[in-house]
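K.L.:
when you get a sec, could you give me coordinates for this:
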Amino acid sequence: MSQPIGTLLSLAESLRNRYGRKLRRVMLDLGLSCPNRDGAKGFGGCVYCDVHGSGTGAQAEGQSLAEQWQRGLAKARRLQPEGPAAIAYLQSYSNTYPGLEPLKAALEFLAEQSQEAPILAIGTRPDCFSPEAADLLAAYRNRFDQVWLELGLETADDRVQALIGRHDSLEHFHRACHLARQRDLAVIAHTMTGLPGEKPDGLLRQVQEAAAAGVAGIKFHQLMVLRRTQLEAVWRRNGVALLTPEEYVERVADALEYLPADVVVHRLVAEAPEESYLAPQGWPHKNKVIHWIRQEMIRRQGWQGKRAVQLSPTRPF
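P.N.:
Here you go, the predicted model:
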């Protein structure tokens, strides 16, 4: 069934439909690690990941989970003084690695805050999501209105995984999604475009694989160079081929046409703190890039799901 030209299902729209308001993410850091940092698979993280594991670094600064929560909730409350205000987001590193005890303690604390934060989101790598981790999250499904598993896909090409030192695989992504589906956990897939060695259709492949895996939501990110990453050293030494805003807009607009219309778009473009950001230079504010994506969809008379193929996730494990 066709949709109005330019239509996409945004997270803001989805939240308003369910809660009557937009909820703000409260970013939380348990101070955990990643097999790509502690030597289990590699050191230093993926080439684009900073020393805080793409998170806040709050735990390393001595902030307890309760302190992080209260500070984040206060910010959310300024914009939403009444009713539920927040999404509790365990963001930094891989929150199901190396063991589950820190996550268990965090979930118990956050379950007591569910009136303020009806949604719990847990970020991790696909290769760090075990049946035991899936069972743990499933045990909290009745303590929150929604439980989201945020999985880094980043590329659908295992050759690119090796080039960026990620040491994960597409097979791991599908296996993790399968575990989540078995327990009625919603998966939010993180995609990235512009990675070294990625083919021009790389983002389309990610969207198609995410759809085949039965994800409930998706985030789009462009490759950025941040301080204190392995990519920074390469960028300073030889430069790195990075997408222009126009190239990014075209790729995302293409991808949206292949994304099923019922998958919620959590993010259309990434941003980073000014003190961490190095490149690409010259990009406009994210709101302008979002506007350009929507305008491109209208220009080509497209909409989310225009070219999507309806798939049933049936991959056996």
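K.L.:
how far away is Tyr97 from Asp201?
P.N.:
Using Cβ to Cβ, to the nearest Å, Tyr97 is found at 31 Å from Asp201. The C-beta positions use only the backbone N, C-alpha and C, and glycine is treated the same way.
K.L.:
right, and the helix or strand after the helix or strand hosting Leu137?
P.N.:
Using DSSP states H and E, Leu137 sits within helix 131-138. With elements assigned by DSSP H and E, the helix or strand that comes after helix 131-138 is strand 146-154.
K.L.:
mind listing the strands that next one pairs with, and their directions?
P.N.:
Sheet pairing of strand 146-154 (DSSP bridges) gives strand 119-124 (parallel), strand 186-193 (parallel).
K.L.:
list the buried residues of stretch 265-278.
P.N.:
Buried residues in stretch 265-278, counting neighbours by 16 or more other Cβ atoms under 10 Å, are found at 265-270, 278.
K.L.:
ok, residues contacting stretch 105-122?
P.N.:
Here stretch 105-122 makes contact (Cβ atoms under 8 Å, 6 or more residues apart in numbering) with 19, 23, 25-26, 28, 30, 65-66, 69, 73, 84-91, 95-96, 103, 136-137, 140, 143-150, 188.
K.L.:
which of the buried residues of stretch 265-278 sits closest to Arg307?
P.N.:
Comparing the buried residues of stretch 265-278 against Arg307 with Cβ to Cβ places Val265 closest, at 15.7 Å.
K.L.:
quick one, what contacts the closest one?
P.N.:
8-11, 217-220, 256, 259, 304.
K.L.:
got it, and Arg300?
P.N.:
Arg300 neighbours (Cβ under 8 Å, 6+ apart): Ala253.
K.L.:
what's the distance between the residue nearest in space to the middle of the chain and Arg78?
P.N.:
Note on the chain: the residue nearest the mean C-alpha position is His190, at 3.8 Å, using Cα atoms, centre = their mean. Relative to Arg78, His190 is positioned 28 Å away (Cβ to Cβ).
K.L.:
cool, Tyr248 as well?
P.N.:
Noted for Tyr248: a distance of 32 Å to Arg78, by Cβ to Cβ.
K.L.:
between the contacts of Val265, which is closest to His174?
P.N.:
Ile218 (15.2 Å).
K.L.:
what about that closest one, is that helix, strand or coil?
P.N.:
strand (DSSP: H, G, I helix; E, B strand; the rest coil).
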